[in-house]
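Next comes the sequence, and after it the predicted model I'd like to discuss.
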Amino acid sequence: MSQSTTLPAKSKAIIDRVEITSDTMTGRGGLSLFVRYLRNIDIFPQLEIFFGSMRRSRKGQPVSEIFKQLFCFFMDGTSRHLVHFDSLVKDAGYAGATETEPARMLSSHSVKRFFRSFWWQRIYLFRHLLQRLFLWRLRLQAPEVVVLGLDTMVMDNDEARVRHGVKPTYKKVKGFQPLQMSWKGFVIDAVFRRGDAHGNHGDTVVKMVGHLVAKIRKHYRADAAVIVRMDSGFFDQKLFEAFEQLRIGYICGGKLYKPIKEYVGMSREGDWRRYEQGRQVWQYLEFGSKCDSWKCFRRSIYCRPLYEDGQMLLSFARPDTVLVTNLGMGQAIDEALTRVGEGRWLQAEAIVAGYHGRGSDELVYRALKDFGFEQMPFKRFAPNAAFYYTMLVSFFLYEAFKQDVCTPAVKPVCYATTLRRRVIDIAAKIVRHAGRVVLKITAATSEQLNFALLWQKSASPPCYCWR
């Protein structure tokens, strides 16, 4: 009688018991690529220059070593709790993957003491570090037009205990609301603020943009054409005047006041123009607008979508938008754009497309929340600010690492969760042989990720002369 096909097959691969090995192994082998990348872009000497004086004694950890472990903590993303450092202290494999001596591994208490030692003069240096990193990427890509995104990001701390600076936000949760400047996937500057500080609170926006434009013109190009795009939360004549004095362009979402609605309602069908971009279709109407307190008229574009993802929208379901800009008004920014061959920005179609490109700026903040977390661990405002800026620097380095090293393995637009699962969370064994430390991975992992190429690229990233 032939063998029955319904009986289970006997397997010799069944695990009978579990034993403990003394080998140094880790499930975060990809962190070695990240640490190797950080070392070769020479960021550790810069951290010592900015924050080295915080080290009170030679017995303490070097500041660069502390930041290296903090960057790896954010890159790993296993836990958002600082007590996770107490688990990492006992993990020799994690120490080996991050090129750290086991005796130098940080505990949660060490991390807490480090952040609590920050004061505002030191915290402000994080912004200088972010701006230097931005100039590094700006020189690498060398764009003719620098398009900056300006917006706030709500950090939900509603479920946390009492936190200094946690206030009700416009999203009806209590938390922080930092002001952030973005450029091509990077957060290049930020001001950590309490939750009830609206977008254009005080003179923060004017100072932030002014400092950043000065850095661009001094260290990149003196005649650089800069355009800032914002939502209606920054609709303010004082802000527009400041940008015009800086000789930069702006595209800002306006307010649908009654006179504007009345003017649009009286317009004829022939006055409207049509703009198509892929599957999106808009109608737009150009005119000059002037609020009661304004000193002059400004170019305005009233636009409304006709189609969304190929489907026509009914008239009552069309979200109308009005844009206010100084592009095409004969100011200095027009000359700068024309000189570099980017005169298309003066056309209404490019302005509408540029404003709707703010969606990519929103994705930057979504990627930041996926990389880090919204809940801050401390009760006092200053340690939370230092922790937040450390997360921003880590996010910047993660984005640069993804573009410079990980492109063969993952797409540059992927989120941190994807990169962690594909590149960081790989099994590896760390051995010492003939005075050398060797990272061993499986043949399948090496072939799938082309690990030899990633290893080579992490050792030769785009260099930057820090100054």
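Here it is on my side, so go on.

going forward, measure contacts and count neighbours with C-alpha atoms only.
Noted.

For this protein, give me the ranges with low pLDDT.
When residues are selected by pLDDT under 70, those of the chain lie in 1-5, 7-9, 307-319, 464-467.

how is it carved up into domains?
The chain resolves into domains spanning 24-117+378-459, 120-371 when parsed by automatic domain parsing.

where does the shortest one sit relative to the chain's centre, distance-wise?
Centroid separation for domain 24-117+378-459 versus its chain: 18 Å, with CA atoms, centre = their mean, to the nearest Å.

Same check on stretch 206-217?
Taking mean C-alpha positions (CA atoms, centre = their mean), stretch 206-217 and its chain are 19 Å apart.

who wins for proximity to T6 among the domains of the chain?
domain 24-117+378-459 (33.4 Å; CA to CA).

mind listing the strands for the stretch 1-150 of the chain?
Using DSSP state E, counting those that start in this stretch, the strands of the stretch 1-150 of the chain run over residues 24-26, 145-152.

S11: which of the domains of the chain is closest?
domain 24-117+378-459 (23.0 Å).

measure that closest one end to end?
Terminal residues of domain 24-117+378-459 are spaced 24 Å apart (CA to CA, to the nearest Å).

Tabulate the domains of the chain (JSON lines), appending mean neighbour count.
Written out in JSON lines, the entries for the domains of the chain read as follows (neighbours: other CA atoms under 10 Å):
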{"stretch": "domain 24-117+378-459", "mean neighbour count": "17"}
{"stretch": "domain 120-371", "mean neighbour count": "17"}
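
Setting aside sequence neighbours, what's the nearest residue to D271?
Residue nearest to D271 in three dimensions, not counting chain neighbours: L285, with 6.7 Å by CA to CA, 6 or more residues apart in numbering.

Over to C252?
Using CA to CA, 6+ apart, the nearest residue to C252 is M230, at 4.8 Å.

got the contact list for that neighbour?
Residues near M230 by CA atoms under 8 Å, 6 or more residues apart in numbering: 149-151, 250-253, 355, 358.

May I see those residues organised as a markdown table, with distance to F85 added?
Output for the contacts of M230, formatted as a markdown table (distance: CA to CA, whole Å):
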| residue | distance to F85 |
| --- | --- |
| G149 | 35 |
| L150 | 34 |
| D151 | 33 |
| Y250 | 44 |
| I251 | 45 |
| C252 | 44 |
| G253 | 44 |
| Y355 | 43 |
| R358 | 37 |
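
Settle this for me: Q403 is touching P412, isn't it.
Yes - the pair Q403 / P412 is scored as a contact, 5.8 Å apart, by CA atoms under 8 Å.

what is in contact with these two at once?
Common contacts of Q403 and P412 (CA under 8 Å, 6+ apart): none found.

where do the strands sit along the stretch 251-400 of the chain?
Counting by DSSP E, counting those that start in this stretch, one finds strands in the stretch 251-400 of the chain at the ranges 273-277, 280-289, 298-308, 311-312, 321-325.

would TSV of those with distance to D156 be doable?
Formatted as TSV, the strands of the stretch 251-400 of the chain follow (distance: least, CA to CA, whole Å):
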stretch	distance to D156
strand 273-277	35
strand 280-289	33
strand 298-308	30
strand 311-312	35
strand 321-325	28
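
Which stretch among these approaches R17 most closely?
strand 298-308 (58.0 Å).

Quick one: list the elements packing against that closest one.
strand 280-289, strand 321-325, helix 348-356 (3 or more CA pairs under 8 Å, 6 or more residues apart in numbering; DSSP states H and E).

Redo these as CSV? Include distance to E362.
Shown next, in CSV, are the helices and strands packed on strand 298-308 (distance: least, CA to CA, whole Å):
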stretch, distance to E362
strand 280-289, 19
strand 321-325, 17
helix 348-356, 11
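
out of those, which comes closest to D189?
Of all those, helix 348-356 sits nearest to D189, with 20.3 Å by CA to CA.

Need the contact partners of that closest one.
229-230, 251-252, 275, 277, 286, 301, 303, 323, 344-345.

From M155, how far off is Y170?
Here Y170 is placed at a distance of 11 Å from M155 (CA to CA).

same question, F114
Distance from F114 to M155, by CA to CA: 23 Å.

do the same with G96
In this view, G96 and M155 are 34 Å apart by CA to CA.

Over to I43?
I43 is 28 Å from M155, where distance means CA to CA.

And for A434?
A434 is 50 Å from M155, where distance means CA to CA.

got it, and A214?
In terms of CA to CA, A214 sits 29 Å off from M155.

same check, this time on L82
Distance check for L82 against M155: by CA to CA, it reads 18 Å.

Put the alpha carbons of stretch 66-85 into PDB.
Extracted in PDB, the C-alpha atoms of stretch 66-85 (Å, rounded to 0.1, in the frame of the first residue of the first chain):
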ATOM      1  CA  ILE A  66      27.100  60.400  24.700                       C
ATOM      2  CA  PHE A  67      25.700  61.800  21.500                       C
ATOM      3  CA  LYS A  68      26.800  58.800  19.500                       C
ATOM      4  CA  GLN A  69      24.800  56.500  21.800                       C
ATOM      5  CA  LEU A  70      21.800  58.900  21.700                       C
ATOM      6  CA  PHE A  71      21.800  59.000  17.900                       C
ATOM      7  CA  CYS A  72      21.900  55.200  17.900                       C
ATOM      8  CA  PHE A  73      19.000  55.200  20.400                       C
ATOM      9  CA  PHE A  74      16.800  57.200  18.100                       C
ATOM     10  CA  MET A  75      18.000  55.300  15.000                       C
ATOM     11  CA  ASP A  76      17.200  52.000  16.700                       C
ATOM     12  CA  GLY A  77      13.700  53.100  17.700                       C
ATOM     13  CA  THR A  78      13.000  50.100  19.800                       C
ATOM     14  CA  SER A  79      11.800  52.100  22.800                       C
ATOM     15  CA  ARG A  80      10.900  55.700  23.500                       C
ATOM     16  CA  HIS A  81      11.600  55.300  27.300                       C
ATOM     17  CA  LEU A  82      15.000  56.300  28.700                       C
ATOM     18  CA  VAL A  83      15.000  53.300  31.000                       C
ATOM     19  CA  HIS A  84      15.700  51.300  27.800                       C
ATOM     20  CA  PHE A  85      19.400  52.400  28.200                       C
END
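
Nice, that's everything, thank you.
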